[in-house]
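# Have a look; sequence and predicted model below, questions after that.
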Amino acid sequence: MSPPIPAPDVFPNKSPVPAEQSGSNRPKLGVYKFASCDGCQLALLSVENHLRQLADSVEICYFLEASSRIVPGPYDIGIVEGSVTTAHDAERIRGIRRDCRYLIAIGACATAGGIQALRNWANVEEYLSYVYAEPQYIDTLATSTAISEHVPVDFELRGCPIEPQQLLRVISDLLVDRQPRLARHSVCVECKLRQNVCVAVARGIPCLGPITQAGCGAICPSFDRECFGCFGPQENINAASWIGHCRSTDHATSRLVQLLRNVNSYDSHFREAGDGLIAKSISVEPS
Amino acid sequence: MTEVRKFSVGALTRVEGEGALEIHLRGSQVERIELRIYEPPRFFEALLRGRDLREVPDIVARICGICPVAYQMSACQALEKALGMTLPPEISHLRRLLYCGEWIESHTLHMIMLHAPDFLGFENSLEMARKHPDLFDSGLRIRKLGNDLLTILGGRAIHPINIAVGGFYRTPSAERLRGLLHEIVWAKTKLPELLRQMADWNFPQFEQDYQFVSLHEPHEYPLNTGCVAASDGLSIPIEDYEQHFREVHQPHSTALQSLRLPSLTTYLVGPLARFQLCRSQLTPAAASLANQLLGSVPLRNNAFSLLVRGIEVLFAIETAETLIRCYRDHGFPCRVEIPRRSGWGCHATEAPRGLLYHRYEVDEQGQISTATIIPPTSQNQAQIESDLRALVPSLLSASDAEATRACENLIRHYDPCISCATHFLRVRWRQNGTLRREGEPV
């Protein structure tokens, strides 16, 4: 079990990351938005006591939400929020990859396509005509996909939203060229550490905690409700066992599929588990 | 030959979401103004269909990382109306407290980190922080108070998880809430001091004859409830909203623009509108500070929204203090049971950026069959364009850089939330292959 993640105390002023072609000797940071809610970028502004320290350690060169100052690339670290949903964005991410030495995808949208990936099971033309009066004005792809489906990504930081302290930790690791490492065990471990009564066992509520990656502090079970998978699947996920447990407590297939198809629906593990459940229910109950 | 000139802002900065601005001039004539919203659509209204209604508060939160509570509050109350549910007053009080947390968090984010640098001549708040550390640090400390309220009530500040149709999953701890009183007392002294400094800043002179629209309650400043009021005397129940306002789809935008019927005129929602229509309902310290800083003359300059946001933060802090001091965390159910029945309901609340309207239809299985969401920024978009059309002729002698900066500053007064504006926006319903007219009852 990994120890709890400590908040970084110090950002090193001198970093081995080269500050290329820069007037400043601080490493350069770019922050980019794709299809998303802005919540993960906001996490960067929500590190409260560490924010000014962060600004002293890196030069913020591209961060439209926070600054009108744009310094041309290349950058040492690129942070990407959001999923790819337009042809233009599929092109834009390639340019960003070229501009950034390290590229970090942050949040469920950038690492799994986000809630908007629910369109991947639907007919996007039908979605367009449901939402817009003039669908011909809208440019969109049929799918919403993770950044890593388009370009190589150096680190994926999960969560919907991400945990601000984890982002600080990843940035400070990269500043000293250290491989960031975060807990990959399940939410159940955090839940036990908080001494919660298990909502799945004690109350029979279907909970995604046993197969979801830790990082949130098991907040949902701490509030007497089920985990719905904000941090995506844990390492070595055993979805079959989870499905078996839920089945033994008589939960409807449709409820389990909806739990899997939420903010991380298009992550490959959750996707396969959900699709498998549906395929099985069709073969068992032909319509 | 008449000079042709183009101002353009390729990417608006210090706003939420992605947009651009283009202004085409021929001589002194404004030929075309486009606030282009290129933020990609996410189709929330479409993807909500078929979901269990209990999932709605978690899903709609993802529309906006800055004001998720606004979406959760409008959605929960619309669904509770659809199901004919009545909630105990304790839950309404907790929801009001939760909304205060979001106003504090969202307003201070905009005031200190996005808006203030314009007035002090900085490109971002971190540069500003080096010269004005007290403003920045105190602003962030007040914002943390908002985030702490959201965390205690909602589990976390961004995308809270404790919000349910029918109430809360778990009753928030009174002891933890009372632990915030010390910060509240500090903020009630510090915030007026900061606002007095801000009132001395140089505000651009630009006045428009706005039609203000906001919720209105006779006895309290509006957050979760009210009738829809306008400065021309309109006062209607929320259920009649779609008969008085309509969205239109412009080619240059993934967001729809909302206009006032019958003559499709622009209107303004948000802090300035609420303040003009509801200032007599402000809490005592906020009301008195408003009189000192803004006098009693009607406001027609949206640059003053900076100060109005600050006054609304003070209102939210005073309200939070009262609610926390009266709160007991026992003696009421944290959640009312959800009945199994079909129905439809609509509701509006006051998001930090203005009126946010939701309408849902629920089937007998407890699933969403239709959803409509009209966010504040799509209502303000036509007004922003109208403001720009009025502003640009005064910028003809300015350099391109100065002119575009003035336009961008004007847009920032609105605190636009482009991610929100983008993802819904529809003017007609298509259900089972048939078209339904806007505003027609479900």
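Great, that's in hand.
# which residue sits closest to residue 98, ignoring its sequence neighbours?
Went with chain A since none was named. Among residues not flanking A:R98 along the chain, A:P74 sits closest, at 7.9 Å (Cβ to Cβ, 6 or more residues apart in numbering or on different chains). Yep, even glycine has a C-beta here, placed from its N, CA and C like the rest.
# wrong one, chain B
Counting by Cβ to Cβ, 6+ apart, the residue nearest B:L98 is B:L153, at 4.6 Å.
# sorry, back to before: isn't the residue nearest to A:R98 up against A:Y102?
No: with contact defined as Cβ atoms under 8 Å, A:P74 does not reach A:Y102; the gap is 11.1 Å.
# how about the residues of the stretch 51-200 of chain A near chain B?
Proximity of the stretch 51-200 of chain A to chain B, by Cβ under 8 Å from any Cβ of the partner chain, involves residues A:51-52, A:55, A:60, A:63-70, A:85-86, A:88-89, A:114-116, A:118-119, A:122, A:124, A:126-134, A:137-140, A:144, A:160-161.
# for the host helix or strand of B:T319, packing partners?
B:T319 belongs to helix B:305-326 when elements are defined using DSSP states H and E. On a contact count with 3 or more Cβ pairs under 8 Å, 6 or more residues apart in numbering or on different chains; DSSP states H and E, helix B:305-326 meets helix B:89-108, helix B:133-154, helix B:174-178, helix B:181-199, helix B:271-278, helix B:284-294.
# Looking at these, which is nearest to B:L25?
Of all the helices and strands packed on helix B:305-326, helix B:271-278 sits nearest to B:L25, with 27.8 Å by Cβ to Cβ.
# give the contact list for the residue lying closest to A:V199 once chain neighbours are set aside.
Spatial nearest neighbour of A:V199, excluding adjacent residues (Cβ to Cβ, 6+ apart): A:I205 at 4.6 Å. Applying Cβ atoms under 8 Å, 6 or more residues apart in numbering or on different chains to A:I205 gives the contacts A:199, A:225-226.
# what's the closest of these to B:N224?
Nearest member of these to B:N224, counting by Cβ to Cβ, is A:R225, at 22.1 Å.
# Surely that closest one touches B:I161?
Yes: the pair A:R225 and B:I161 passes the contact test of Cβ under 8 Å, sitting 7.1 Å apart.
# what sits in contact with each of the two?
In contact with both A:R225 and B:I161: B:Y169, using Cβ under 8 Å, 6+ apart.
# Show me what secondary structure element comes after the helix holding B:T319.
That would be, after helix B:305-326 and using DSSP H and E, strand B:343-351.
# check whether the helix or strand just after that next one contacts chain A.
Note on strand B:343-351: by DSSP H and E, the next helix or strand toward the C-terminus is strand B:354-362. No: if you take Cβ under 8 Å from any Cβ as the test, strand B:354-362 misses chain A, and the best it gets is 13.2 Å.
# Keeping just the C-alphas, turn the very next helix or strand once past strand B:354-362 into CSV.
Remark: after strand B:354-362, the chain's next helix or strand is strand B:368-374, criterion DSSP H and E. Extracted in CSV, the C-alpha atoms of strand B:368-374 (Å, rounded to 0.1, in the frame of the first residue of the first chain):
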residue,chain,number,x,y,z
ILE,B,368,-35.1,11.3,-17.9
SER,B,369,-37.0,11.5,-21.2
THR,B,370,-36.2,15.2,-22.1
ALA,B,371,-33.9,17.9,-20.8
THR,B,372,-33.6,21.6,-21.5
ILE,B,373,-30.9,23.8,-19.9
ILE,B,374,-30.5,27.5,-20.6
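# when you compare where the helix or strand just after strand B:368-374 runs with where helix B:271-278 runs, what's the angle?
Where DSSP H and E defines the elements, the next helix or strand beyond strand B:368-374 is helix B:376-391. Computed by axes from the mean of the first three to the mean of the last three Cα atoms, to 10 degrees, the angle separating helix B:376-391 from helix B:271-278 equals 100 degrees.
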